[in-house]
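Could you look at this predicted model? Sequence included:
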Amino acid sequence: MKVFRILAFLLPVFFAQGGFAVAAPPVPSNPAGATADFGGFQLQVQAIDYNDKTGNFTIADHFTGTREGTEISGDHAKGNSRTKMMEVFGHVVVHQTAPLEPRTELSSVGKEPATLTCDRLTIDGNQKLYTAIGDVHYLQGTQGASAERGSLNQTTHIMHMEGHVHMQNGDQSIDADSVDYNTQTGQGHAGGHVSVHQTASLESEGAPPTIGNEPVLVTCDRLTIDERKSLYTADGNVHYSQGTRNAVAELGTLNEATHMVHMERHVHMQDVDQSIDADSVDYYLKTGEGHAVGNIILRGPAQTGVSEAATPAPPSKKKKKAAPPPSADASPPPSPEASPPT
């Protein structure tokens, strides 16, 4: 489940070095092809229009700005140096080439070069709020993410993504309608049409070869993430599938530290022609051992191949023959009370 760690670096990987503080350029306008120092960024621009009274500025043409291993470019931009607001429009690319100093224990994955692209990037220097809008894509090594919108609030340490969110980290991926993630605590929440997919085998984690050698797909309504505890909770319409194995429940949790899976509320597990229903099930990934509790129903295949001779037929009962009816010419037997003839 390391896929969730990429969330911490969609935007902070570019702004963790103190944020983008917009300052006034040295002159109201620049000659074509000049370089200007702007908020710590060295800008390669055609021209900057700046109003010294209001603080408003406009970069009308394509520009490139660099600062300490970070490069940002766009078709045009505008903002205000006093309010520390800036918007970059059109083919926005932010590229981080230098490793960042780790700011949290989750920051170690941010050492590789990373690239963020979007249609529009909004920077609020006062609120330390950064918002990427429209066709947002992030790539860092084998990690990637895409969404319609992504934002980072460095004051609250909350990152939010929404709109066809897709995150990939090697052989693991997650899709959802929206994702919220705390970059300091490692806690997060995914909601709406959540699906988690893993293509690699679990055998490297100690699972028996018959358990973890096929891709895994989990879908649910909501997914809660606690990376520091290695705890992941799927809630609402939970479906699990791996090869011929399927399971459904209302709630499911995975503890990666203990390798335990817990499912509860209307649990149904199926593998080919065998199934189990129960109120709750605990399953140990390393050994394949499990424990079911409450209203347990086991179903399995009917036994076949038993010959008829193996089950002897019950002994037949002979019917007693009924006595023939008396003939009409035969005299009736003498009565025991009749007197002998004299």
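In hand now; what should we look at?

for the record, mean pLDDT for stretch 234-246?
Stretch 234-246 shows a mean pLDDT of 91.

residues making contact with that stretch?
Outside stretch 234-246, the residues within contact range by CB atoms under 8 Å, 6 or more residues apart in numbering are 194, 212, 214-224, 247-253, 263, 269-272. (Glycine included, C-beta is placed from N, CA and C.)

buried sites along that stretch?
234-235, 238, 240-242, 246 (16 or more other CB atoms under 10 Å).

wait, isn't V165 in contact with D175?
Yes: V165 is within contact range of D175, at 6.6 Å (criterion: CB atoms under 8 Å).

Counting neighbours around each, name which of these two comes out higher.
Remark: of V165 and D175, V165 carries more neighbours, 26 against 19, as counted by other CB atoms under 10 Å.

bridging residues for that one?
A176 (DSSP bridges).

Just list the residues touching it, thanks.
145-147, 174-179, 190.

Buried subset of those residues as a PyMOL selection?
Buried residues among the contacts of V165 (16+ other CB under 10 Å), as a PyMOL selection:
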select buried, resi 145+146+147+174+175+176+178+179+190
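
Out of the contacts of V165, which sit inside strands?
145-147, 174-179, 190 (DSSP state E).

Pick the one among those residues closest to D52.
Nearest to D52 among the ones in strands among the contacts of V165 is A147, at 38.3 Å by CB to CB.

And the closest one, how close does it get to H166?
According to CB to CB, to the nearest Å, A147 stands 7 Å off from H166.

Ok, H291 next?
With CB to CB as the criterion, H291 and H166 are 36 Å apart.

between these two, who's got more neighbours?
Neighbour count, other CB under 10 Å: between H291 and H166, H166 has more, with 15 against 11.

For that one, give me its contacts.
So H166 contacts 145-147, 173-175 (CB under 8 Å, 6+ apart).

Would you format the residues you listed as TSV with pLDDT and distance to Q184 included?
Listed next are the contacts of H166 as TSV, based on pLDDT from 0 to 100; distance: CB to CB, whole Å:
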residue	pLDDT	distance to Q184
A145	90	19
S146	94	24
A147	96	21
S173	90	24
I174	92	20
D175	95	25
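
quick one: which two of the residues you listed are the most distant?
A147 and S173 (13.4 Å).

Looking at the buried residues of stretch 234-246, which is nearest R67?
Closest to R67, out of all of those and judged by CB to CB, is A234, at 41.5 Å.

need the contact list for the residue nearest to the closest one when sequence neighbours are not counted.
Leaving aside its chain neighbours, A234 sits nearest to C220 (3.8 Å; criterion: CB to CB, 6 or more residues apart in numbering). Residues in contact with C220 (CB under 8 Å, 6+ apart) are 194, 234-239, 252.
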